[in-house]
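Participant: okay, predicted coordinates and the sequence, questions at the end:
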Amino acid sequence: MSGHANSLRAILLALGANFAIFLSKLVAALVTGSGAMLAEAVHSLADCGNQGLLLLGMRQADRPPSEEYPLGWGRALYFWSFLVAMLLFSVGGMFSIYEGVHKLSHPEPLKWPWLALAVLAFGVVAESFSMHGCLKEVNKARQGRSLWRWFHETRSSELLVIFGEDLAALFGLSVALAAVLATMLTGNHLYDAAGTIVIGVLLVIVAVAVANEVKDLLIGQGVESGRREAMIAFINARPEVDVVLNLITLQMGPDVMLAVKARMAPMPDQSALVEGINSVERAIKAQFPDVRWSFFEPDVAD
């Protein structure tokens, strides 16, 4: 995997932050009656469950290959990441929109609004801590690329999900803070309801964006284009190889499957050819440690 991002660290940071935020938001929502606060509490609870699913996915991805699963379980991580995106869409986004619409037709006065503001401020601090940890891991993996380009090109589905969740949480907390403050200052409960709906729409947008990226991994993406080019250049530079005719990769969670068709340099006999191929494969795995499976085919044309 490109870079050396620690996805497990990012997940655990997010889990700890979201559980603390959930407890504080739930108490504040029950006391104040804020729809925006309740939506945020549900969002944080959903995030805790989501991070648990990502941990389950990482555990499954570590299962060794077997006769039934010869390429291992690495892509199980994509399934759980996609499921998390769907839960973020339904439990987080759609519930928040429903709650906001309900508040529009059945407005309720805020109680203890200053408590709501205090809890939201705590949430911003905790979520910022989680986001900071996530960005540290993202920066290790994006290697100078913009965040937008990394988001589209990364093959680390679990880090992608955590980044999307943290980003949505920070924006959602800001909206909830503004909604509660506006309701306090004006006495108009429309702001609280509108804030809840905006939070829901935001979660839906983030969930769809994350699900769309993970969908590509589920279908079967290869490695990032820059890494593919680096692999081709590395193999072409080997003295045993004349030229790479074709190279196919498949991202298998944290591991990579590689298939190479190449025209070999002149060899004295078949034994030398076999040893040359084995030497190239050993060099590939040493240079690209995430290449777990390699299939090498010597040929004269593609």
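Facilitator: Thanks, I have the structure now. Residues are numbered from 1 along each chain as shown.

Participant: which residue ranges of the stretch 101-250 of the chain form helices?
Facilitator: With DSSP state H, counting those that start in this stretch, the ranges of helices along the stretch 101-250 of the chain come out as 113-142, 147-153, 157-186, 190-219, 225-236.

Participant: would you point out the helix or strand in the protein whose mean pLDDT is lowest?
Facilitator: The weakest-scoring helix or strand in the chain, judged by mean pLDDT, DSSP states H and E, is helix 35-61 (a mean of 81).

Participant: can you give me how far that one is from the chain middle?
Facilitator: Centroid separation between helix 35-61 and its chain, computed with Cα atoms, centre = their mean, to the nearest Å, is 13 Å.

Participant: angle of it against helix 113-142?
Facilitator: Interaxial angle, helix 35-61 versus helix 113-142 (axes from the mean of the first three to the mean of the last three Cα atoms, to 10 degrees): 30 degrees.

Participant: just after helix 35-61, pick out the following helix or strand.
Facilitator: Where DSSP states H and E defines the elements, the next helix or strand beyond helix 35-61 is helix 76-87.

Participant: by how many degrees do that following helix and helix 190-219 diverge?
Facilitator: Here the directions of helix 76-87 and helix 190-219 differ by 160 degrees (the same axes, to 10 degrees).

Participant: helix 76-87 to helix 157-186, inter-axis angle?
Facilitator: Orientation note: helix 76-87 sits at an angle of 20 degrees relative to helix 157-186 (the same axes, to 10 degrees).

Participant: who's in contact with helix 76-87?
Facilitator: Residues outside helix 76-87 that contact it (Cβ atoms under 8 Å, 6 or more residues apart in numbering): 46, 49-50, 53-54, 56-58, 60-61, 63, 157-158, 160-161, 164, 207-208, 210-211, 214-215, 217-218, 253-254. Where you see a C-beta, it was placed from the backbone N, CA and C, and this is true even at glycine.

Participant: filter these to the buried ones?
Facilitator: Buried by 16 or more other Cβ atoms under 10 Å: 46, 50, 53-54, 57-58, 60-61, 157-158, 160-161, 164, 207, 210-211, 214, 217, 253-254, out of the contacts of helix 76-87.

Participant: just the element for the nearest residue to residue 196 once chain neighbours are set aside, please.
Facilitator: Nearest non-adjacent residue to residue 196, counting by Cβ to Cβ, 6 or more residues apart in numbering: residue 100, 3.4 Å away. According to DSSP H and E, residue 100 maps onto helix 95-105.

Participant: same for that helix, what does it pack against?
Facilitator: Helix 95-105 sits against helix 35-61, helix 190-219, with contacts defined as 3 or more Cβ pairs under 8 Å, 6 or more residues apart in numbering; DSSP states H and E.

Participant: out of these, flag the one nearest residue 179.
Facilitator: helix 190-219 (2.4 Å; Cβ to Cβ).

Participant: buried ones in that closest one?
Facilitator: For helix 190-219, a neighbour-count test (16+ other Cβ under 10 Å) marks 191-200, 202-204, 206-207, 209-211, 213-214, 217 as buried.

Participant: now do the contacts for the residue nearest to residue 222 when sequence neighbours are not counted.
Facilitator: Spatial nearest neighbour of residue 222, excluding adjacent residues (Cβ to Cβ, 6+ apart): residue 249 at 3.9 Å. Residues in contact with residue 249 (Cβ under 8 Å, 6+ apart) are 222, 223, 227, 228, 231, 256, 257, 258, 259.

Participant: now for the residues you listed: which two are most distant?
Facilitator: 227 and 259 (14.9 Å).

Participant: look at the two and report which has more neighbours.
Facilitator: Set residue 227 next to residue 259 and count neighbours by other Cβ atoms under 10 Å: residue 227 wins out with 19 against 14.

Participant: tell me the confidence at the more buried one?
Facilitator: For residue 227, the model assigns a pLDDT of 92.

Participant: which residues touch the residue lying closest to residue 122 once chain neighbours are set aside?
Facilitator: Spatial nearest neighbour of residue 122, excluding adjacent residues (Cβ to Cβ, 6+ apart): residue 24 at 5.6 Å. By Cβ under 8 Å, 6+ apart, residue 24 lies in contact with 119, 122, 123.

Participant: okay, the second one and residue 173: tell me how far apart.
Facilitator: Right, residue 122. Residue 122 sits at a distance of 10 Å from residue 173 (criterion: Cβ to Cβ, to the nearest Å).

Participant: got a pLDDT number for residue 178?
Facilitator: Residue 178 carries a pLDDT score of 90 in this model.

Participant: roughly how far does the nearest residue to it once chain neighbours are set aside sit from residue 208?
Facilitator: Spatial nearest neighbour of residue 178, excluding adjacent residues (Cβ to Cβ, 6+ apart): residue 195 at 6.6 Å. Separation of residue 195 from residue 208 (Cβ to Cβ) stands at 21 Å.

Participant: no further questions, thank you.
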